[in-house]
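# dropping the sequence and predicted coords here.
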Amino acid sequence: MSPGADAQPRPLRIGNASGFYGDRFDAVREMLTGGPLDVLTGDYLAELTMLILGRGRLKDPSRGYATTFLRQLEEGLGLAHERGVRIVANAGGLNPAGLADAVRELAERVGVPVRVAHVEGDGLPVPDGYLTANAYLGGAGIAACLRAGADVVVTGRVTDAALVTGPAAAHFGWGPEDHDALAGAVVAGHVLECGTQATGGNYSFFRDHDIRRPGFPVAEIHADGTSVITKHDGTGGVVDLGTVTAQLLYETGGARYAGPDVTARLDTVRLASDGPDRVRISGVRGEAPPPTLKAGLTRLGGWRNEVVFVLTGLDIEAKERLVRDQIADAFARAGRQPAEVRWELARTDRADAATEETASALLRLVVRDQDPDAVGRALSGAAIELALGSYPGFHVTAPPGKGAPYGVFEARYVPAEEAGHVAVLPDGTRQALDPPVRTRLLTDTEQPPLPQPLDAGPTRNAPLGLLAGARSGDKGGDANVGVWVRTDAAWRWLAHELTVDRFRELLPETAPLTVVRHVLPNLRALNFTVHGLLGEGVAAQHRFDPQGKALGEWLRSRRLEIPEALLAGSPEVHA
């Protein structure tokens, strides 16, 4: 994959077939048969996945990789070989060498000649008490494998965007100092990484499109790093300015989006329609990457259990008080209480309801402790023994079990040279990749000037979502909420209205936490980072929505005074 003598190499067409471990199984076949591709990528590793793979490796040291990928390749290898498509995936997890061997064995069994390479060196020394420790590598190792002729490249923990920067660097001959081009590829990679989230999945304005089975995204990367986001013809979903904007805001923060290859300036991104289901990304500027790599560590945090009490009909709050008092008394009589006891009442009930289910509220009790016995029999005994002596209509959604272990993800930063980034080429040669020579410490950018405030005129109390889209997600224990609008007039209003104080007011759970607002005028967007909302991260299941996926939709449902001129023609919203 090199430009050869051609001064203007053709665009590189990269598709994605997996946004997480467990994504649509048929996507590999669909992407390989649905239209032209040069490279097919798959992202299988999330923070939670590393913990899952770590626990699996304890049972079988020969595993530690995403086995689903192998099953997808049983058909996919032959299809890719026929069509000249190279496959790049981070499915190697904790054991990329083991997965590479398994791919070779599969290729021999199905009779497909492929050259397999892998990238390793992300594994760091695992501290006592931890399961895994891995640095996030960049795309240089992937590029080296492809330049050496690999048909399939599997990696361990690389950044999601590295699955695109690596093939693009190999194809166009980019070096580590081609910061603008690499930054453009990082942005395209970030749009692709979550699969159908770029083609209408999890999209605020889903009612505008048919997204029952959205196709997976494709990026056409050009030599200067510009790209066009699209999808195969005839597939479902949609690619438009909104879907791409939403994904650009997902799990990002400020203007500087740092990675091991380059720091991309999100405040320079420009989006433009390029035809039906085509969005052009241009103008992206890059800076030298920071001297450190992000590293993810996982460990078992303790044991948890939960029980959901169903409270039906009248006196919901009195019933809640009764069962809470009874559980507290039971713990006291047993002489032990779990280290953490959390109650949450969800008022799903309706007055004078037509069905029993809609007449009921849910009272959720979650307990945690380092001792499994404290969340096992102690909870199940306390809860079930109330069955005939508590509030009228007592029942639970399911009896509590023995309890289950929960995990914790921690992010740290290590000097880039501590990771031994190595490309293991198809012939077995081990090529060490040096970290970038030129680096730049990561600092915040100055907040850009806000647009001229809108002359509001008459206002109407209405949900924010009539005007704004949102997407939210997690990074460890922090949550981010990106909010954007589709017109300049709406941006003039949003930029001044949705301050940090107003954000906290609309989402009271965030009020005691540190909230940081980032302004991205080119995208007509605000990106909020809420520190600590998710506790110890998704694996710890700290809150009802442990990954913060629905925070954005909660925000959109909140009402505030919106200028009537901006709401003209807004669709009806059903509460």
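Great, that's in hand.
# quick check: chain neighbours aside, which residue is closest to G236?
Residue nearest to G236 in three dimensions, not counting chain neighbours: R213, with 4.5 Å by Cβ to Cβ, 6 or more residues apart in numbering. For the C-beta atoms, the positions are set from N, CA and C on the backbone; glycine is no exception.
# the helices in the stretch 451-575 of the chain, which residues?
Applying DSSP state H, counting those that start in this stretch to the stretch 451-575 of the chain gives helices spanning 488-497, 500-506, 551-557, 564-567.
# count of residues packed around A398?
The tally of other residues near A398 (other Cβ atoms under 10 Å) stands at 8.
# okay but E553 is in contact with G465, surely?
Yes - counting by Cβ atoms under 8 Å, E553 touches G465, with 7.5 Å between them.
# who touches both of those two?
Shared contacts of E553 and G465 (Cβ atoms under 8 Å, 6 or more residues apart in numbering): S204.
# specify which residue of these two has the higher count of neighbours.
G465 (21 against 17).
# now that one: how far from D208?
When distance is defined by Cβ to Cβ, to the nearest Å, G465 is 13 Å away from D208.
# R83 now?
Counting by Cβ to Cβ, the gap from R83 to D208 is 33 Å.
# tally of neighbours for the closest residue to A288 other than its chain neighbours?
In space, and not counting its chain neighbours, A288 is closest to R440: 4.1 Å by Cβ to Cβ, 6+ apart. Number of residues near R440 (other Cβ under 10 Å) recorded here: 16.
# now swap in V519 and tell me
18.
# which intervals of the stretch 401-550 of the chain have sub-threshold pLDDT?
Counting by pLDDT under 70, the stretch 401-550 of the chain contains low-confidence residues at 537-542.
# residue contacts, V152?
Neighbours of V152 in contact, by Cβ under 8 Å, 6+ apart: 73, 77, 80, 86-88, 103, 114-117.
# out of the helices of the stretch 451-575 of the chain, which is closest to T33?
T33 lies closest to helix 551-557 among the helices of the stretch 451-575 of the chain, at 34.1 Å (Cβ to Cβ).
# how about the helices in the stretch 101-250 of the chain?
Under DSSP H, counting those that start in this stretch, the stretch 101-250 of the chain gives helices at 140-147, 162-172, 179-192, 241-249.
# need these in JSON lines (columns: mean neighbour count).
Compiled in JSON lines, the helices of the stretch 101-250 of the chain are given as follows (neighbours: other Cβ atoms under 10 Å):
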{"stretch": "helix 140-147", "mean neighbour count": "27"}
{"stretch": "helix 162-172", "mean neighbour count": "29"}
{"stretch": "helix 179-192", "mean neighbour count": "28"}
{"stretch": "helix 241-249", "mean neighbour count": "25"}
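# of the ones you listed, which approaches H232 most closely?
Closest of these to H232 is helix 179-192, at 13.4 Å (criterion: Cβ to Cβ).
# could you check the angle helix 241-249 makes with the closest one?
For helix 179-192 against helix 241-249, the angle by axes from the mean of the first three to the mean of the last three Cα atoms, to 10 degrees is 110 degrees.
# kindly format the C-alpha coordinates of helix 179-192 as PDB.
C-alpha atoms of helix 179-192 as PDB (Å, rounded to 0.1, in the frame of the first residue of the first chain):
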ATOM      1  CA  HIS A 179       0.500  16.100  11.200                       C
ATOM      2  CA  ASP A 180      -2.400  17.600   9.200                       C
ATOM      3  CA  ALA A 181      -2.900  14.500   7.100                       C
ATOM      4  CA  LEU A 182      -2.700  12.200  10.100                       C
ATOM      5  CA  ALA A 183      -5.100  14.500  12.000                       C
ATOM      6  CA  GLY A 184      -7.600  14.200   9.200                       C
ATOM      7  CA  ALA A 185      -7.400  10.500   9.300                       C
ATOM      8  CA  VAL A 186      -7.800  10.500  13.100                       C
ATOM      9  CA  VAL A 187     -11.100  12.500  12.700                       C
ATOM     10  CA  ALA A 188     -12.300  10.000  10.000                       C
ATOM     11  CA  GLY A 189     -11.300   7.100  12.200                       C
ATOM     12  CA  HIS A 190     -13.200   8.600  15.100                       C
ATOM     13  CA  VAL A 191     -16.300   8.800  13.000                       C
ATOM     14  CA  LEU A 192     -16.000   5.200  11.800                       C
END
